[in-house]
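In: below is the sequence, then the predicted model.
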Amino acid sequence: MRNLAIVAHVDHGKTTLVDTLLRYTGAHKFEEGEVTIMDSNPLEKERGITIFSKNASFNYKGVQCNIVDTPGHADFGSEVERILEMVDGVLLLVDAVDGPMPQTKFVLKKSLELHLKPILVINKIDRPNARPNEVANMTFDLFCELKASDEQLDFPIVYASGREGYATLDLDEPSDTIKPLLDTILHRVLPPIANPDLPFQMLVTMLDHNSYFGRTAIGRIFHGAIRVGDPVALVKRDGTVTKNKVTKIMKYKGLTPVDVNEAMAGDIIMITGIEGVSIGETLACIDDPKALPAVKIDEPTISMDFSHNTSPFAGKDGGVFLTSRHIREYLEHEAMVNVGIKVEEVDGGERFKVSGRGELHLEILIETMRRKGYELEVSRPQVILKKIGDQVLEPVEVVVVEVDEKYQGAGMQALGERKAEMNRVQERISINNEGKRHYVPELS
């Protein structure tokens, strides 16, 4: 068995590569014209980005590989932080043209902190301006900047095109199959370090909800084994312990959860029957309920006020859920399954202060609620300030802007007005449709 996550900056090709792996191993039967099967949410298909982490599995040379596709946008970083807790290796994707970007640094930093050994995949080598060797050197410099250990610096490099479905370990040896990447996964990702003879322990890293089965806990079994019908202890964050009974166990086969009677240490599974379970809590042996270390999640940076629609047109545009009670119920459920969001009541429950990781994070939440029939009013986003001692701190982001040469001055001025500090100006060659070469300044 191998448990691994695929991480990268937004739009560097994670989801397309996972689709290619599932297609090659026969884990999913693709219909003609079907693409990015992992982006199943309508918003993901419309925007072309991954918003929610998703589990899948495939079998290669008799080894079951559990792979998790993660978002690439910094606003959904809490998804990445949770997922890395339940895997033993990561595929770090870097675009062969763009090179390492801000979110590349974020996901790599989190991986190195958890002592995971990444496999570097230089993706999109079929693009016209691809510079795979230069990008590999830039990524090595990023590893050094993040103080990777000697063992972590000894990472394999795979050159691939997820869209075209091939990978190679040597650019001088072309390939027409993704097999070299799969072989690298088997050789370089460690099997789960887990002991099935120890008392049962499982860290809950994701939650799902089904109207029939109720709350579903998703996570990795660190030790022991579990069977349907077994009693199990839920160790909550405050140390309290409640007793439950496992009613259903599911594993992923391809993209589909399938029922199983038992699961062993190292498996990534779904369990139902656990009342009141939350992300970061531990399911443990009823006779020896010990908690695993909780998942550390970065704090929100932006907040908005939500309230019910008070305009004269309330309820006249197809809205179904119009009251504060409806909004409260939805936000409480969202905060339960999405640890990157915090919800606080304001004005006695008439308004709700919703904090998230960024504007896109909250925008996706608002759009999802709108499509489900909720009508609401929202305030403009406010940056969350944090006071430590006598200092008032505000969140900072790393921004990379690509502009044409004639707009370079305007770009610098716009960044300067937002208290930006310029730390790098780099010129990149770009080739237009007519084959003409020109330089594009990159401000960082």
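Out: Arrived safely, thanks for sending.

In: need the three-state assignment for Arg82.
Out: The three-state assignment at Arg82 reads helix, by DSSP: H, G, I helix; E, B strand; the rest coil.

In: any idea how far Val295 is from it?
Out: 5 Å (Cβ to Cβ, to the nearest Å). For the C-beta atoms, the positions are set from N, CA and C on the backbone; glycine is no exception.

In: ok, for Asp288, nearest residue in space, not its chain neighbours?
Out: Leaving aside its sequence neighbours, Asp288 sits nearest to Pro199 (Cβ to Cβ, 6 or more residues apart in numbering; 4.3 Å).

In: what do you get for Val7?
Out: Val107 (3.9 Å).

In: in what helix or strand does the one you found lie?
Out: helix 102-113 (DSSP states H and E).

In: which residues touch that helix?
Out: 7-10, 12, 70, 72-74, 77, 80-81, 84, 90, 92, 94, 118, 139, 142-143, 146-149, 152, 397-400 (Cβ atoms under 8 Å, 6 or more residues apart in numbering).

In: can you check stretch 251-258 too?
Out: Under Cβ under 8 Å, 6+ apart, the answer for stretch 251-258 is 22, 27-28, 37-38, 54-58, 66, 250, 260, 263, 267-270.

In: can we see that at 7 Å?
Out: 22, 27-28, 37, 55-58, 66, 250, 260, 263, 267, 269-270 (Cβ atoms under 7 Å, 6 or more residues apart in numbering).

In: same deal with stretch 345-365?
Out: Contacts of stretch 345-365 (Cβ under 7 Å, 6+ apart): 43, 51, 73-78, 300-307, 324, 327-328, 331, 334, 340-344, 381, 384.

In: that older thread, in the contacts of stretch 251-258, find the pair that's most separated.
Out: Within the contacts of stretch 251-258, Ile37 and Ala263 form the most distant pair, 25.0 Å apart (Cβ to Cβ).

In: when those two are compared, which one has more neighbours?
Out: Neighbour comparison, Ile37 and Ala263: the larger count goes to Ala263, with 25 against 18 (by other Cβ atoms under 10 Å).

In: quick check: closest non-adjacent residue to the more buried one.
Out: Using Cβ to Cβ, 6+ apart and skipping the chain neighbours, the partner closest in space to Ala263 is Ile269 (4.7 Å).

In: I figured the one you found was touching Asn261, is that so?
Out: No. Counting by Cβ atoms under 7 Å, Ile269 stays clear of Asn261, with 11.7 Å between them.

In: so which of the two has more stuff around it?
Out: Ile269 (22 against 8).

In: distance check, the residue lying closest to Asn261 once chain neighbours are set aside against Gly219.
Out: In space, and not counting its chain neighbours, Asn261 is closest to Val228: 5.5 Å by Cβ to Cβ, 6+ apart. In this view, Val228 and Gly219 are 17 Å apart by Cβ to Cβ.

In: please pull out the lowest mean pLDDT helix or strand from this protein.
Out: strand 437-443 (a mean of 51; mean pLDDT, DSSP states H and E).

In: strands - which of the contacts of stretch 251-258 land there?
Out: Here DSSP state E is the test, and the contacts of stretch 251-258 give Asn55, Ala56, Ser57, Phe58, Asn66, Met250, Val260, Ala263, Ile269, Met270 as lying in strands.

In: Asn195: which of these is nearest?
Out: Ala263 (14.4 Å).

In: what bridges to the closest one?
Out: Applying DSSP bridges to Ala263 gives these bridge partners: Ile226.

In: now name the helix or strand holding the residue sitting furthest away from the middle of the chain.
Out: Of all residues in the chain, Pro312 has its C-alpha farthest from the mean position, at 39.9 Å, by Cα atoms, centre = their mean. Assigned by DSSP H and E, Pro312 belongs to no helix or strand.

In: residue contacts, the residue nearest the centre of the chain?
Out: Centroid-nearest residue in the chain: Thr70, 3.0 Å away (criterion: Cα atoms, centre = their mean). Shown in contact with Thr70 (Cβ under 7 Å, 6+ apart): Ala5, Ile6, Val7, Thr50, Ser53, Glu79, Val80, Ile83.

In: for Ser40, give me the pLDDT.
Out: At Ser40 the predicted local confidence, pLDDT, stands at 61.

In: before we move on, back to that, please say which of Val228 and Gly219 ends up with more neighbours.
Out: For Val228 versus Gly219, neighbours defined as other Cβ under 10 Å are more numerous around Gly219 (27 against 17).

In: can you tell me the SS state at the more buried one?
Out: Gly219 ends up strand, using three-state DSSP.

In: look up how far Ile274 lies from it.
Out: From Gly219 to Ile274 the distance is 11 Å (Cβ to Cβ).

In: equivalent analysis for Tyr374, please.
Out: 28 Å.

In: for this protein, give me the ranges with low pLDDT.
Out: Across the chain, the ranges flagged by pLDDT under 70 are 28-41, 44-45, 48, 72, 77, 427-444.

In: can I see the domain layout of this structure?
Out: 2-188, 201-284, 302-388, 401-443 (automatic domain parsing).

In: dump these to a markdown table, plus distance to Ala291.
Out: Below are these laid out as a markdown table (distance: least, Cβ to Cβ, whole Å):
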| stretch | distance to Ala291 |
| --- | --- |
| domain 2-188 | 14 |
| domain 201-284 | 4 |
| domain 302-388 | 17 |
| domain 401-443 | 41 |
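
In: tell me which of those domains approaches Ala194 most closely.
Out: So among the domains of the chain, domain 201-284 is nearest, using Cβ to Cβ, at 3.3 Å.

In: which residue ranges form the strands in the stretch 151-300 of the chain?
Out: Counting by DSSP state E, counting those that start in this stretch, the stretch 151-300 of the chain has strands at residues 157-161, 166-168, 201-210, 214-223, 225-227, 231-235, 241-245, 248-253, 256-260, 262-264, 268-272, 282-284.

In: that older thread, residue contacts, the residue nearest to Asn261?
Out: Val246, Lys248, Ile249, Asn261.

In: mind running it again at 6 Å?
Out: Neighbouring residues of Val228 by Cβ atoms under 6 Å, 6 or more residues apart in numbering: Val246, Ile249, Asn261.

In: neighbours around Gln426, how many?
Out: 13.

In: I'd like to know the beta-bridge partner residues of it.
Out: Glu442.

In: ok, the ones in strands among the contacts of stretch 251-258 vs Ile185, which is closest?
Out: Phe58 (10.2 Å).

In: roughly how far apart are that closest one and Thr247?
Out: Counting by Cβ to Cβ - Phe58 and Thr247 are separated by 28 Å.
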